[in-house]
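> Got a sequence here, can you model it:
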Amino acid sequence: MASWYRKFIENFAARAKPINEAIHTEPFRWSERQQRAFDDLKRALTTTPILRRPDYTKPFVLDVDASAAGFGAALIQLQEDGKEHPVVYISRQTKSPETRYGATDLELQCVVWAVSKLAHYIDGSHLTVRSDHQALKYLWDLKSEAPTGRL
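Here you go, the predicted structure:
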């Protein structure tokens, strides 16, 4: 049931991972680790931050982060109060081949995935992508071909 609300919970994939592992393991065992994850998700569904409705007259900011464990992104807008407010959160665990990607490949794959998943929000709007991975800036500024085929 909580998976239905994943877009409202920051870092859902990482937070739900202990539960997903238990579900897909034989025999099924519910331990303290799964209970903590369940309680965390329950708390996340009942507390702030509250997502804001998108205002298509304002620009969007897409915050992305990736690791070998998963991808996460938050679509943000600056409001009249001067604060950034989340519109939607998305996350997923990495697929088996992706776990072997380097950091730059992972971060760029996360950007591509997030833009694709959030296209219905951002099409026709100004978008700024924020990442903590400085190599992406280098790739963006690169005038020649990307260093590898995947990039």
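> From here on, just use CA atoms for contacts and neighbour counts.
Will do.
> continuing past the strand or helix carrying Gly72, what's the next helix or strand?
Counting by DSSP states H and E, the element that carries Gly72 is strand 70-78. Elements were assigned by DSSP H and E; along the chain past strand 70-78, the next helix or strand is strand 84-93.
> Counting by contacts, list what that next one packs against.
When contacts are defined as 3 or more CA pairs under 8 Å, 6 or more residues apart in numbering; DSSP states H and E, strand 84-93 packs onto helix 12-23, strand 70-78.
> Buried ones in the strand holding Gly72, by neighbour count?
Under the neighbour-count criterion of 16 or more other CA atoms under 10 Å, strand 70-78 has Gly70, Phe71, Gly72, Ala73, Ala74, Leu75, Ile76, Gln77 buried.
> if you average pLDDT over that strand, what comes out?
For strand 70-78, the per-residue pLDDT values average out at 91.
> Name the residues that touch it?
If you take CA atoms under 8 Å, 6 or more residues apart in numbering as the criterion, strand 70-78 is touched by 10-11, 13-14, 54, 58-66, 84-94, 110, 114.
> ok, of these, which come out buried?
Counted by 16+ other CA under 10 Å, these give 10-11, 13-14, 54, 59-66, 85-94, 110, 114 as buried.
> How many neighbouring residues does Asp105 have?
Counted with other CA atoms under 10 Å, the burial measure for Asp105 works out to 18 neighbours.
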